[in-house]
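J.: Provided below are the primary sequence and the corresponding predicted coordinates.
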Amino acid sequence: MALIFSSYIFSRVGLHNVALAQPSVGFREYIDTFDGYSFKYPQNWIQVRGSGADIFFRDPFVLDENLSVELSSPSSSRYKSVEDLGPPQEAGKKVLKQYLTEFMSTRLGVRRESNIVSTSTRVADDGRTYYQVEVNIKSYANNNELAVMPEDRVTRLEWDRRYLSVLGVENNRLYELRLQTPESVFLEEENELRQVMDSFRVNKASG
C-alpha cells in the first residue's frame, strides 16, 4: 500500500486501568484529518517514525506491543464499502495471508503456525460498518539447522503473538488499524486493546 504520513494530533485523556504497564493511565485520541481516520491509544504509548505505516505507536514497556494504521493507495483503490472484501470470514483470510507474507523468512529452519481466532462485523456510532479480525501467529526456529544429526536440531518457539485488525472504508480507500501483542500478556491487556479497536473511525478526508 502507498502510505502518507499523518498530519494532526489531538489529545484527550480518560481514566482507565492498565494491567501490565502502569496503573490508571488514560487514552489520547489521534485524529488525522488529512487522510480521514481517528482512534484512541494508551497515553503512555510513544509514536515511532519511519516505520513504513501511516502512523505507528508502541508500548514503551512491552516492546512487542504496538499499533499502526495502513491505507490503500488513493490512486489505485476504489472501495465503496468494507463488504467489497467479502464476508468477514473472507476478509480474515486476506488479513492472515497479508501478515504471513510480511513475516516471510528466508532463514533456514523457520516455521510459522497460524490460525484465525475470530472475525466479526460491527456498526459503529458513525453508521459505518467495520470488520474485526483476530489471528494468532507462532514462529518456530531450529537452534542449529545445519547440524547433521536430527537430535542436534532442536526447535524452539521464537514468538507467539495475537494480531487484531479493524477494517473500514471511506474516501474510496481501505483503512486498517492493526494491533500486535504477545499472547503472554493478551489477557491482561485485552480490555484496553478492545477499547482501542472500538474507537477506530474512518471519516471524510480533507486532503
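T.: Ah, there it is. Source: prediction; values computed, not measured.

J.: Doesn't Q98 lie inside a helix?
T.: Yes. Under DSSP: H, G, I helix; E, B strand; the rest coil, Q98 falls within a helix.

J.: now could you export just the CA positions of the lengthiest strand in the chain as CSV?
T.: Using DSSP state E, we find that the single longest strand of the chain is strand 155-170. Extracted C-alpha coordinates of strand 155-170, given in CSV (Å, rounded to 0.1, in the frame of the first residue of the first chain):
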residue,chain,number,x,y,z
THR,A,155,13.0,-26.5,17.5
ARG,A,156,12.2,-23.6,19.8
LEU,A,157,9.3,-21.1,20.0
GLU,A,158,10.6,-17.7,19.0
TRP,A,159,7.4,-15.7,19.5
ASP,A,160,3.7,-16.2,19.9
ARG,A,161,1.6,-13.1,19.1
ARG,A,162,-2.0,-12.0,18.8
TYR,A,163,-2.8,-9.7,15.9
LEU,A,164,-6.1,-7.7,15.9
SER,A,165,-7.2,-5.7,12.8
VAL,A,166,-10.1,-3.3,12.3
LEU,A,167,-11.0,-2.7,8.6
GLY,A,168,-13.1,0.2,7.4
VAL,A,169,-13.8,2.0,4.1
GLU,A,170,-14.1,5.7,3.3
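
J.: buried stuff in that strand?
T.: The neighbour-count check on strand 155-170 (16 or more other C-beta atoms under 10 Å) flags R161, R162, Y163, L164, S165, V166, L167, G168, V169, E170 as buried. From N, CA and C alone the C-beta is placed, and that goes for glycine too.

J.: check contacts around G168.
T.: Going by C-beta atoms under 8 Å, 6 or more residues apart in numbering, G168 touches Y37, V82, R128, T129, Y130, Y131, L174, Y175, F200, R201, V202.
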